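J.: Please find the sequence and the predicted model below.
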Amino acid sequence: MQGEARHSHRDPLQLESGAQTQHDITPLSRDVTHPSRDVTQLNSLKQKSVQINNRRMSTSTYQGSTTSEDTHVQSQLAYENTYQLEPYLHQQFSVKRIQDIIKAVFIQKLENMKYTSESFRLLSIQLSEQIKTQVKQELSFNNRYKIVVMVTMAPRQSQAIQIASRCMWYTPTDKFASWEFTADTFFAVGVVFGLYYE
């Protein structure tokens, strides 16, 4: 007669949380006469455990935890084409308004200044950034213009200078505005290009 041995046993498939419910894990019953049934039952328990873990992982993601996969999916968002080939009336590049911006920035920053090559090299970068920021605000936040700002400053030494630029141009939408500031010791020329991007 075969004897029975009773011992406490922790299921190796028990979930990490330690909670074991009737629906989570089915107890494994040993069948000595048919060992293949044990393997089949063990495999089904593994599948149930994986499904429960996946369900819990998806729930935690839904509750607000972001993973690298979520971030990757968000960065690949695509927007539907608007088929807008020209700017709306309130988004158009107004040459007069852009000239006023260049003029205001130049007068504010350059009035009563003396020319030095080192300080003016850095100043030209600051002026171009400030003009670009104000032009973008003027055109509104959802405009499709690519803004290019060029500021040129040089000392006045009875010389002549010509500033030229060249680019692909679509006349109905692409525009530019320029303004020149003249002082006793230097001059400055600011040019803003607005290139419409479909």
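T.: Structure's in. What do you need? Numbering: from 1, shown residues only.

J.: Please count neighbours and contacts with C-alpha atoms only from this point.
T.: Will do.

J.: Phe176 against Gly194, yeah?
T.: Yes. Assessed by CA atoms under 8 Å, Phe176 is found in contact with Gly194 at 5.9 Å.

J.: the more surrounded of those two?
T.: Neighbour count, other CA atoms under 10 Å: between Phe176 and Gly194, Gly194 has more, with 22 against 17.

J.: In contact with that one, which residues?
T.: Residues near Gly194 by CA atoms under 8 Å, 6 or more residues apart in numbering: 93, 145-148, 174-176.

J.: Just among the residues you listed, which is most surrounded?
T.: Phe93 (24 neighbours).

J.: Got the confidence number for that one?
T.: Phe93 carries a pLDDT value of 88.

J.: Renumber starting at 688 from here on
T.: Yep, numbering from 688; the last one is Phe780 now.

J.: On the three-state scheme, it is what?
T.: Three-state call for Phe780 (DSSP: H, G, I helix; E, B strand; the rest coil): coil.

J.: Which members of the contacts of Gly881 occur in helices, if any?
T.: Within the contacts of Gly881, no residue falls in helices by DSSP state H.

J.: Show me what counts as buried in the helix or strand where Arg808 lies.
T.: Arg808 belongs to helix 804-826 when assigned by DSSP states H and E. Residues of helix 804-826 classed as buried: 807, 810-811, 814-816, 818-819, 822-823, 825-826 (neighbour count, 16 or more other CA atoms under 10 Å).

J.: Can I get it in CSV? Just the C-alpha atoms.
T.: What follows is helix 804-826, C-alpha atoms only, in CSV (Å, rounded to 0.1, in the frame of the first residue of the first chain):
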residue,chain,number,x,y,z
SER,A,804,35.3,94.8,-33.9
GLU,A,805,35.2,92.3,-31.0
SER,A,806,32.1,93.6,-29.3
PHE,A,807,30.2,94.1,-32.5
ARG,A,808,30.9,90.5,-33.6
LEU,A,809,28.9,89.2,-30.7
LEU,A,810,26.4,92.0,-30.9
SER,A,811,25.5,91.1,-34.5
ILE,A,812,24.6,87.5,-33.3
GLN,A,813,22.4,88.9,-30.5
LEU,A,814,20.7,91.3,-32.8
SER,A,815,19.8,88.7,-35.4
GLU,A,816,18.4,86.4,-32.7
GLN,A,817,16.3,89.2,-31.2
ILE,A,818,15.0,90.2,-34.6
LYS,A,819,14.1,86.6,-35.5
THR,A,820,12.2,86.1,-32.2
GLN,A,821,10.1,89.2,-32.7
VAL,A,822,9.4,88.4,-36.4
LYS,A,823,8.1,85.0,-35.4
GLN,A,824,5.9,86.5,-32.8
GLU,A,825,4.6,89.0,-35.3
LEU,A,826,3.8,86.2,-37.8
